[in-house]
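S.K.: mind looking at a prediction? Sequence and model below.
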Amino acid sequence: MTGGIEVQVLQPYKYGFVTDIEAEVVPPGLDESVIRLLSAKKGEPPWMLEWRLRAYRNWLAMPEPHWANVRYGPIDYQAISYYAAPKRRPSRQSLAEVDPKLLETFEKLGIPLEEQKRLAGVAVDAVFDSVSVATTFREELAKHGIIFCAISEAIREYPDLVRRYLGSVVPYNDNFFAALNSAVFTDGSFVYVPKGVRCPLELSTYFRINAEATGQFERTLIVADEGSYVSYLEGCSAPMRDENQLHAAVVELVALDDATIKYSTIQNWYPGDEEGRGGIYNFVTKRGACRGRNSKISWTQVETGSAITWKYPGCILQGDHSVGEFYSVAVTSRRQQADTGTKMIHIGKHTRSTIVSKGISAGRGQNTYRGLVKILKSADHARNYSQCDSMLIGDQCGAHTFPYIDVRNSTAIMEHEASTSKIGEDQIFYAKQRGLSAEDAVSMIVNGFCREVFKELPMEFAVEAQRLLGISLEGSVG
Amino acid sequence: MSALLEVRDLHASAEGREILRGVNLTVDLGEVHAIMGPNGSGKSTLAQVLAGHPAYTVTQGTVHYRGTDLLALKPEERAREGVFLAFQYPVAIRGITNAYFLRAALNAIRRHRGEEELGPVEFMRAVEDKLAALGWDASYLERPVNDGFSGGEKKRNEILQMAILEPTLAILDETDSGLDIDALKTVANAVNRLRRPDNATVLVTHYYRILTHIEPDVVHVLSAGRIVRSGGKELALELEAKGYDWLREEAVVA
């Protein structure tokens, strides 16, 4: 029935421009001297360099993982440049010193950094290639004792905090890409919310890849102390290029007693063209530790970009009565491939987790949900609810679901629901018969399908997410 | 003046099988036409073809609506021009509220007419009475379109949409099937209230029952893809008494 439908779920990529800016780029290649150079450029203390080198030595012995349901050619790690930074940049992140071209770039991306144009209620850390170029609302946040800055700065300014938590959730030898990141990470954000403080602003980091033949390896660490709350959002984009670029990030979250971290992602890396040329390899390790009693970590992700996505934001539910959540929309269109899902590890008693995953495949996209729910022996009365829905648009795409369930405590309650649907001609015809255009009809059906996830996003970004899923139809519909 | 709807020698097929085999039908403004017939006679196909469902191919004949070639218009253009189909099997749209869907539809039609679009508040004000006429409260507008609706609720929802979109030509495809007596009365009353000299209704039905509530001006009998007999209300009574078989024989002879 749907043979006539050729749908492109994503709008033509709007963020594919290149900023012409003088950059300092380290020549391609990776060895210990490159790591020493990176560390020196960032003015890091010796312990940090040691940690990086340990990670690097581990990485050398690790094989690149290939168990994910994605196909790509070999990656030449020696052909990548591990550091690229605009030449003109501020010493202490004063906007007056930032190259106007950078400000212009972020403004074009919808992230104005200048005081008078900023988004109300959102503090932004803007990362351009390997460096953070500006962080807004810092003074405002400092009043509440909240630290929000580039991680490279945190390593220098708050070494005790960073040392205590860095690698405590994702160890440097966790997996191949996490080890690589630990060795060569260049920038990212650091957040610390002190005891009892509810962060008054949304915190947000925007990652922009600009330089050619470079990799982006950002590292984010968020610590919510007892009884605190923070909502954090990351966005990202990259120029259109025929070559693939590697993005291997690590995000670690730590929530202590009664603390809540809400982490949202709108991932819009360049997905490659219709023929599958170019696009970002997005190989990311994200994990949160609910260390305290009653702590809560909630992941919401809208994955629309990247040629390949390999990503499983998870929660380690250590504290009794802690809660983990994962809400995801993953879209694969063109020739994109995504293997994404979550891991919920229940250790504490009365821990609860919720998984809501929505996969949308169109064009020749391949979409895989892979999720692990593990209930350890110690986790009395743990509960999990999982819901995995897939939607297929057209007949050349694929949807796959791999749920892994490992229960070692008989008091656990597990629920799992899964569905696969195809956008039907009947649904589209129904909407058209009411006067809606084919584009509006499909867009409405897709957005309705994603609603349970979109409603978890902060207001400002829910609109952005819906817009990203705006539909452009190619060819005729019905 | 030409008729609102003029169907001439309409042939249509689905998956290579001919279902409509030369339908002729003229509907004038202010009229209610009932199209009756046994299962498989092509009643629903006729309704779907008029609305432009892509599963059917028109192989012969013409359809004029307000003097223009209806078949040349896309389904959404027909809708914006005032053709409304109340579906026999209304489709569910998860995660989209009735209010959002209906307002989008109404605004698409208003835009087409060069009228101003309605905001959420204006929309709610505009639909209040129409909801009440169906015995519904505003909570139905906040539910996802037909999702989790009972069969009867879906049919009522179709009539609500019709009331809000105010079509010039409403085609009701077996809206009465699956309704209990009370629901049937409510739906029939709502349809009667929408009868005006400047619109028309085509009622596709299997049963005489609904015609005791909605009085038709003309009754047609469709059999094997052709209208084999047309008459007044008394024709429906005759069918009720004799069934369809005698007409089927006539169709074969014809």
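M.R.: Yep, it's here. This structure is a prediction, so every number in the text was calculated from the model and none was measured. Residues are numbered from 1 along each chain as shown, chains lettered A, B, ... in the order given.
S.K.: which residues does residue 199 contact?
M.R.: Went with chain A since none was named. By C-beta atoms under 8 Å, 6 or more residues apart in numbering or on different chains, the contact list for residue A:199 reads A:141, A:144, A:146, A:193, A:228-231. All C-beta atoms are positioned from the backbone trio N, CA, C, and that covers glycine.
S.K.: think we crossed wires, I meant chain B
M.R.: So residue B:199 contacts B:29-30, B:82, B:166-170 (C-beta under 8 Å, 6+ apart).
S.K.: test my guess that residue B:19 contacts residue B:225.
M.R.: Yes: contact criterion C-beta atoms under 8 Å: residue B:19 and residue B:225 qualify, at 5.6 Å.
S.K.: buried members of the contacts of residue A:199 into ChimeraX, please.
M.R.: A single ChimeraX command selects the buried members of the contacts of residue A:199 (16 or more other C-beta atoms under 10 Å in any protein chain shown):
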select /A:141,146,193,228,229,230,231
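S.K.: now the contacts of residue A:199 as TSV including distance to residue B:48 and secondary structure?
M.R.: Shown next, in TSV, are the contacts of residue A:199 (distance: C-beta to C-beta, whole Å; DSSP: H, G, I helix; E, B strand; the rest coil):
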residue	distance to residue B:48	secondary structure
A:141	60	helix
A:144	62	coil
A:146	60	coil
A:193	59	strand
A:228	59	coil
A:229	54	strand
A:230	54	strand
A:231	48	strand
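S.K.: span of stretch A:380-399 from start to end?
M.R.: Taking C-alpha to C-alpha, to the nearest Å, the first and last residues of stretch A:380-399 lie 34 Å apart.
S.K.: what ranges does the chain have for its helices?
M.R.: Defaulting to chain A. A:32-41, A:46-60, A:100-108, A:138-142, A:151-157, A:159-165, A:176-184, A:425-433, A:438-454, A:459-468 (DSSP state H).
S.K.: wrong one, chain B
M.R.: Taking DSSP H as the test, the helices found in chain B are B:43-51, B:75-80, B:98-112, B:120-133, B:151-165, B:181-194, B:233-242, B:245-253.
S.K.: which residues does the residue of the stretch 101-250 of chain A found nearest chain B contact?
M.R.: Here the residue of the stretch 101-250 of chain A nearest chain B is residue A:233; by C-beta to the nearest C-beta that distance is 22.0 Å. Applying C-beta under 8 Å, 6+ apart, we find residue A:233 in contact with A:122, A:202-205, A:263-266, A:457-458, A:461.
S.K.: same question, residue A:201
M.R.: Counted by C-beta under 8 Å, 6+ apart, residue A:201 has contacts A:121-123, A:137, A:140-141.
S.K.: let's see it at 10 Å
M.R.: A:119-124, A:136-137, A:140-141, A:144, A:146, A:148, A:230-231 (C-beta atoms under 10 Å, 6 or more residues apart in numbering or on different chains).
S.K.: quick one: which of these is nearest residue B:58?
M.R.: residue A:119 (53.0 Å; C-beta to C-beta).
S.K.: now chain B, which segments are flagged as low pLDDT?
M.R.: Applying pLDDT under 70 to chain B flags residues B:1, B:248-254.
S.K.: quick check, the residue in it closest to chain A?
M.R.: residue B:95 (3.2 Å).
S.K.: hang on, isn't that residue packed against residue A:391?
M.R.: No: look at residue B:95 against residue A:391 with C-beta atoms under 10 Å: they stay out of range, at 11.2 Å.
S.K.: circling back: filter the contacts of residue A:199 by proximity to chain B?
M.R.: Subset of the contacts of residue A:199 in contact with chain B: empty, counting by C-beta under 10 Å from any C-beta of the partner chain.
S.K.: can you lay out the contacts of residue A:199 as TSV showing distance to residue B:146?
M.R.: Converted to TSV, the contacts of residue A:199 look like this (distance: C-beta to C-beta, whole Å):
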residue	distance to residue B:146
A:141	47
A:144	48
A:146	47
A:193	44
A:228	44
A:229	38
A:230	40
A:231	35
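S.K.: middle-most residue in the chain, spatially?
M.R.: Because you didn't say which chain, this covers chain A. In chain A, the centroid-proximal residue (C-alpha atoms, centre = their mean) is residue A:265; its distance is 4.9 Å.
S.K.: sorry, I should have been clearer: chain B.
M.R.: Short answer for chain B (C-alpha atoms, centre = their mean): residue B:171, at 1.7 Å.
S.K.: my guess is it contacts residue B:79. True?
M.R.: No: the criterion here is C-beta under 10 Å, and residue B:171 misses it with residue B:79 at 11.3 Å.
S.K.: need the residues touching each of the two.
M.R.: Between them, residue B:171 and residue B:79 share the contacting residues A:433, B:51, B:85, judged by C-beta under 10 Å, 6+ apart.
S.K.: which residues does the residue nearest to residue B:120 when sequence neighbours are not counted contact?
M.R.: Among residues not flanking residue B:120 along the chain, residue B:103 sits closest, at 6.8 Å (C-beta to C-beta, 6 or more residues apart in numbering or on different chains). Residues near residue B:103 by C-beta under 10 Å, 6+ apart: B:97, B:110, B:117-120, B:122-124, B:126-127, B:141, B:164.
S.K.: which positions in the stretch 151-254 of chain B make contact with chain A?
M.R.: B:161, B:164-165, B:167, B:171.
S.K.: so what's residue A:322 up against?
M.R.: So residue A:322 contacts A:255, A:257-259, A:289-297, A:315-316, A:346-353 (C-beta under 10 Å, 6+ apart).
S.K.: which residues of chain A score low on pLDDT?
M.R.: A:1-12, A:88-95, A:115-121, A:470-478.
S.K.: go again using 80 as the cut-off
M.R.: For chain A, applying pLDDT under 80 flags the ranges A:1-24, A:86-103, A:105-123, A:127-136, A:208-213, A:236-243, A:274, A:276, A:422-425, A:459-478.
S.K.: close to chain B: what parts of it are there?
M.R.: A:1, A:4, A:358, A:389, A:391, A:419, A:421, A:424-438, A:440-441, A:444-455, A:476-478.
S.K.: out of the residues you listed, which end up buried?
M.R.: A:358, A:389, A:391, A:425-438, A:440-441, A:444-454, A:477-478.
S.K.: so how far is stretch A:66-84 from its chain's centroid?
M.R.: Its chain's C-alpha centre and that of stretch A:66-84 lie 18 Å apart, by C-alpha atoms, centre = their mean, to the nearest Å.
S.K.: hey, C-alpha coordinates of that stretch in PDB?
M.R.: Extracted in PDB, the C-alpha atoms of stretch A:66-84 (Å, rounded to 0.1, in the frame of the first residue of the first chain):
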ATOM      1  CA  HIS A  66      32.000  -4.500  15.900                       C
ATOM      2  CA  TRP A  67      29.000  -6.100  17.600                       C
ATOM      3  CA  ALA A  68      26.600  -3.200  16.800                       C
ATOM      4  CA  ASN A  69      24.200  -3.600  13.900                       C
ATOM      5  CA  VAL A  70      25.900  -1.000  11.700                       C
ATOM      6  CA  ARG A  71      28.300  -1.200   8.700                       C
ATOM      7  CA  TYR A  72      31.200   1.100   8.000                       C
ATOM      8  CA  GLY A  73      34.600   0.900   6.500                       C
ATOM      9  CA  PRO A  74      37.800   0.900   8.700                       C
ATOM     10  CA  ILE A  75      38.700   4.000  10.600                       C
ATOM     11  CA  ASP A  76      42.300   5.200  10.300                       C
ATOM     12  CA  TYR A  77      43.000   6.700  13.700                       C
ATOM     13  CA  GLN A  78      46.300   8.000  12.400                       C
ATOM     14  CA  ALA A  79      44.600  10.100   9.700                       C
ATOM     15  CA  ILE A  80      42.700  12.100  12.300                       C
ATOM     16  CA  SER A  81      43.800  15.300  13.800                       C
ATOM     17  CA  TYR A  82      43.200  15.300  17.500                       C
ATOM     18  CA  TYR A  83      43.200  19.000  18.200                       C
ATOM     19  CA  ALA A  84      41.800  22.000  16.300                       C
END
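S.K.: kind regards, and thank you for your time.
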